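>>> sharing a model prediction with you, sequence too.
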Amino acid sequence: MFEKSEIYLAGGEPIEFVHNGQRFRIHTVLSSWRESGGWWNRASDGLFRPDDGSRILWRVEAAPIGAMKTFELEREEGVGLWRIRPTSRPA
């Protein structure tokens with residue numbers, strides 16, 4: 001579920017975030033990609049719709065003081081809400 005989250009950006013990219021009340025600093029962006037959302041809605045007419053569900057995702061390694069973890073940060077572009085998911089990969 002997307003929610004209003006504390007995500008700190010520099011140049012449009014996340015650099016810090018708060019997850020479960022703890023602030024994390026992003027040390028490495030492992031990957032980043034964009035999902036086009038409801039591309040089938042505009043396939044026939046080519047029109048952009050801001051509510052089509054497009055999103056951008058970052059897989060990052062981030063740590064509070066002492067313990068590195070891997071997270072996926074996902075932003076719902078139409079409304080600017082975020083989803084933060086810890087991944088199973090330990091750093």
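Nice, thanks for sending it over. Numbers count the residues shown, from 1 in each chain.
>>> buried stuff in stretch 71-87?
71, 73, 74, 75, 76, 77, 82, 84 (16 or more other Cβ atoms under 10 Å). For glycine as for every other residue, the C-beta is placed from the backbone atoms N, C-alpha and C.
>>> for it, measure first residue to last.
Counting by Cα to Cα, to the nearest Å, you get 5 Å between the two ends of stretch 71-87.
>>> strands of the protein, residue ranges please.
Taking DSSP state E to define them, one finds strands in the chain at 7-10, 13-19, 22-35, 55-63, 69-76, 81-86.
>>> could I get those strands as TSV with distance to residue 1?
Listed next are these as TSV, based on distance: least, Cβ to Cβ, whole Å:
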stretch	distance to residue 1
strand 7-10	15
strand 13-19	14
strand 22-35	17
strand 55-63	13
strand 69-76	10
strand 81-86	7
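>>> dump the residue contacts of the residue nearest to residue 8 when sequence neighbours are not counted.
Excluding the flanking residues, the one nearest residue 8 by Cβ to Cβ, 6 or more residues apart in numbering is residue 16, at 4.1 Å. Contacts of residue 16 were listed using Cβ atoms under 8 Å, 6 or more residues apart in numbering, and they are 7, 8, 23, 24, 25, 26, 62.
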